[in-house]
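Chemist: sequence first, then the predicted structure, then my questions.
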Amino acid sequence: MCMMASDFSEFSNNKPLVIVVEDDESMNRLLQRIIARAGFKVTGATNGKQGISLIESAQNGFLVLDFFLPDMNGMEFIEALKNSHLDIPYIILTAHGDEQIAVDMMKSGALDYVMKSPNLFETIPNILGNALDKVETARKLKVAELELRRANEQLEEKVRARTTELSEANEKLKQTMADLERSNRELELFAYHASHDLKEPIRKVLAFGKLLKEKIGARLDADSLENLEYLIDGAERMMKMIDGLLSYSRVTSKSAPFEEADLGEIVSNVVKFDIAERIAETGGKVEVVGQLPRVNGDRIQLHQLLQNLISNGLKFHRNNIPPNINISAAQSNGHVEIDITDNGIGIDEAENDVFSMFTRLDTRFEGSGIGLAVCKKIVERHGGKIGHRANPDGGTVFWFTLPSYANQLTHEGVQNEGQR
C-alpha cells in the first residue's frame with residue numbers, strides 16, 4: 001500500500017522510491033538512469049495498470065507520470081488511484097503543451113507540470129528536488145496544523161474545566177457569603193437581645209450595691225467596704241460593656257434611612273451637648289479647621305461616629321497636657337476624608353487590631369474596647385473606610401472616608417443593606 005498524501009513522515013528521513021510511468025520505453029529507461037544518478041531509488045512502468053500495481057506495493061513513493069498512456073490518460077490514472085484509496089505525490093510529463101490539461105492536473109493535486117523538452121534530462125533532478133521540497137513543506141505544515149489543533153483542543157478542555165471549577169467555586173462562595181451574612185444577622189440579633197436582657201439584672205445589682213453602700217457603708221470594715229465597691233465598679237463596667245454591645249448591634253439592626261447630613265452641624269452638636277463636660281474637665285479644645293461637608297447618611301450613626309472619635313482624643317491625652325482636637329476635611333476621587341487629629345499618647349501605626357471588638361491598647365484608661373469597632377461598622381455601612389496614622393507633632397490622626405454627597409445619593413446598595 002502506498003503512502004497517503006496526509007502522511008509524508010518518511011520523506012523527512014530518506015528519499016522516496018520514484019515510480020516512472022512512461023509508455024516510451026527508451027524515455028522511461030533514460031529517466032530512470034538519470035533519477036538513479038541523483039541518488040533516488042527508482043522503478044518504472046509503461047502503462048497505467050502496471051503503474052498502479054507498483055504504487056500499491058510501494059512504501060514510500062513519488063510518481064513521475066506521463067499524461068498520455070496506452071490504456072488511460074493522466075486524469076484517468078489519478079482517478080483510478082483515488083478510487084483505490086491510493087494517494088501519492090506526483091508530477092506530470094507531457095509532450096503536448098495543453099494549458100487546460102495543465103490546469104486540470106494541478107487542480108487534481110499535481111506538484112508540477114513538465115514539458116518533454118530537450119533539456120528535460122538535465123532538469124529532471126532539480127524538478128524532483130523542488131517537488132519533494134513542496135512535499136516536505138506540506139508535511140511540516142500538516143504536522144504544525146495537527147499540533148496546533150491538538151494544543152487548541154487541550155487548551156479548550158482546560159478552559160472548560162477551569163470555567164467549571166470557577167463556576168462551582170463561585171456558587172460555593174455565594175452560598176458561603178449568604179450563610180455568613182445570615183449568621184452575622186442572627187449573631188447581631190442575639191447580641192442585641194442578650195445585651196438588652198442582661199441590662200435588667202445588672203441594673204439591679206448596681207442599684208442594690210449602691211443602696212447597700214449608702215445604708216450600711218459606714219458600719220462596714222475596710223475590707224468589706226472595698227469588696228462592695230469592687231462589686232459596684234464591676235457592675236458599672238459590665239453595664240458599659242452591654243451598652244457598647246447594644247450600640248454595635250444597632251448599627252445594622254436599628255439603622256435609619258440615609259438623608260442629607262451636615263457634618264459641621266453634627267460636630268457642633270457633639271461638642272455642645274455630648275462632650276462639653278469632658279472638655280471642661282480636661283481643659284481641652286475642639287476646633288474645626290475649614291468647613292466640613294454635607295453627606296448622605298444616617299444622621300444618628302454619623303453623630304455616634306464623630307462623638308466616639310472626638311471622645312477618644314479627649315480621653316487618651318498626656319499627663320498635664322490639655323487635649324487639643326482638630327477636625328478637618330478634604331475631597332479626593334469622589335470621596336471625602338475626615339481627619340480627627342489629637343495631641344495625645346499616640347498609637348503605633350503598625351497596630352492593626354485597634355478597630356477589633358474588645359481591643360484595649362492602654363489599660364490605664366477605662367473603656368470597653370467596643371467604641372472603635374462601632375466606628376468601623378458605621379463607616380463601612382456608609383461605603384467608606386477608616387484608619388489611623390501618627391500625628392507628626394505627637395498624638396494620632398483617626399481618619400475615615402465617605403463617598404462625596406453626589407456619589408452617596410446613588411449608594412442605595414449599602415443603604416439597603418443597613419436597613420434590613
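Modeler: Received the coordinates, thanks.

Chemist: for the residue lying closest to L231 once chain neighbours are set aside, grab the count of nearby residues.
Modeler: Residue nearest to L231 in three dimensions, not counting chain neighbours: G209, with 5.1 Å by Cβ to Cβ, 6 or more residues apart in numbering. Yep, even glycine has a C-beta here, placed from its N, CA and C like the rest. For G209, the count of nearby residues is 19 (other Cβ atoms under 10 Å).

Chemist: I'd like to know which elements the helix or strand encompassing G209 is packed against.
Modeler: Using DSSP states H and E, G209 maps to helix 120-216. Here helix 120-216 touches helix 25-37, strand 61-66, strand 90-94, strand 113-115, helix 222-253, going by 3 or more Cβ pairs under 8 Å, 6 or more residues apart in numbering; DSSP states H and E.

Chemist: could I get those in CSV, plus columns for mean pLDDT and distance to I279?
Modeler: Below are the helices and strands packed on helix 120-216 laid out as CSV (pLDDT from 0 to 100; distance: least, Cβ to Cβ, whole Å):
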stretch, mean pLDDT, distance to I279
helix 25-37, 91, 111
strand 61-66, 91, 104
strand 90-94, 89, 104
strand 113-115, 86, 106
helix 222-253, 76, 20
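
Chemist: wait, which of these is closest to G383?
Modeler: When these are compared by Cβ to Cβ, helix 222-253 sits nearest G383, at 13.7 Å.

Chemist: that older thread, so which of the helices and strands packed on helix 120-216 is the most packed in?
Modeler: Greatest average neighbour count among the helices and strands packed on helix 120-216 goes to strand 61-66 (a mean of 25), per mean count of other Cβ atoms under 10 Å.

Chemist: now do that strand: everything it contacts.
Modeler: 2-3, 16-24, 31, 35, 51, 54-55, 74, 77-78, 88-94, 124, 128, 131-132, 135 (Cβ atoms under 8 Å, 6 or more residues apart in numbering).

Chemist: show the buried residues in those.
Modeler: 2-3, 16-22, 31, 35, 51, 54-55, 74, 77-78, 88-94, 124, 128, 131-132, 135 (16 or more other Cβ atoms under 10 Å).

Chemist: quote the end-to-end distance of stretch 331-343.
Modeler: End-to-end distance for stretch 331-343, by Cα to Cα, to the nearest Å: 24 Å.

Chemist: how far does that stretch sit from its chain's centre?
Modeler: 30 Å (Cα atoms, centre = their mean, to the nearest Å).

Chemist: again with stretch 60-80
Modeler: Counting by Cα atoms, centre = their mean, stretch 60-80 comes out at 62 Å from the chain centroid.

Chemist: show me the shaky parts of the stretch 301-420 of the chain.
Modeler: The model of the stretch 301-420 of the chain has pLDDT under 70 over residues 349-352, 358-368, 406-420.

Chemist: and the helices in it?
Modeler: Applying DSSP state H, counting those that start in this stretch to the stretch 301-420 of the chain gives helices spanning 371-381, 405-408, 412-419.

Chemist: per-residue pLDDT of the residue nearest to the spatial centre of the chain, please?
Modeler: In the chain, the residue lying closest to the centroid (Cα atoms, centre = their mean) is L166, at 10.6 Å. Listed pLDDT for L166 reads 90.

Chemist: for E10, same thing?
Modeler: 40.

Chemist: next one: the one 3 residues further on
Modeler: The predicted local distance difference test score for N13 is 48.

Chemist: repeat that for the one 5 residues further on.
Modeler: In this prediction, V18 carries a pLDDT score of 93.

Chemist: CA atoms only for the helix or strand where it lies, dumped as PDB, please.
Modeler: Secondary structure assignment for V18, by DSSP H and E: strand 17-21. The C-alpha trace of strand 17-21 is given here as PDB (Å, rounded to 0.1, in the frame of the first residue of the first chain):
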ATOM      1  CA  LEU A  17      11.000   5.300  -4.400                       C
ATOM      2  CA  VAL A  18      10.500   7.200  -7.600                       C
ATOM      3  CA  ILE A  19       8.000   5.400  -9.900                       C
ATOM      4  CA  VAL A  20       8.300   6.500 -13.600                       C
ATOM      5  CA  VAL A  21       5.100   5.700 -15.600                       C
END
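
Chemist: report the angle between the axes of it and helix 25-37?
Modeler: Interaxial angle of strand 17-21 relative to helix 25-37 (axes from the mean of the first three to the mean of the last three Cα atoms, to 10 degrees): 170 degrees.

Chemist: now do the contacts for I386.
Modeler: Per Cβ under 8 Å, 6+ apart, neighbours of I386: F355, C375, K376, V379, E380, F398, W399, F400, T401.

Chemist: any of those buried? List them.
Modeler: For these, buried by 16+ other Cβ under 10 Å: F355, C375, K376, V379, E380, F398, W399, F400, T401.

Chemist: in space, what's closest to the first one - neighbours in sequence excluded?
Modeler: Sequence neighbours aside, K376 is the residue nearest to F355 in space, at 4.2 Å (criterion: Cβ to Cβ, 6+ apart).

Chemist: thinking again about what came up before, which of the buried ones among the contacts of I386 lies closest to G264?
Modeler: Nearest to G264 among those, with distances taken as Cβ to Cβ, is F400, at 15.6 Å.

Chemist: contact partners for the closest one?
Modeler: Here F400 is in contact with L305, L309, E337, I338, C375, V379, G384, K385, I386, G387 (criterion: Cβ under 8 Å, 6+ apart).

Chemist: which member of the residues you listed is positioned nearest L231?
Modeler: Once Cβ to Cβ is applied, the member of the contacts of F400 that ends up nearest L231 is C375, at 31.3 Å.

Chemist: how far away is F77 from P89?
Modeler: 14 Å (Cβ to Cβ, to the nearest Å).

Chemist: thinking again about what came up before, I'd like the contacts of I386 as CSV, with distance to P323 appended.
Modeler: As requested, those are exported to CSV (distance: Cβ to Cβ, whole Å):
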residue, distance to P323
F355, 21
C375, 18
K376, 22
V379, 23
E380, 27
F398, 13
W399, 18
F400, 20
T401, 24
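
Chemist: tell me the domain boundaries of the protein?
Modeler: The chain breaks down into these domains under automatic domain parsing: 9-116, 256-419.

Chemist: so which of the ones you listed comes closest to R182?
Modeler: Comparing the domains of the chain by Cβ to Cβ, domain 256-419 comes nearest, at 13.2 Å.
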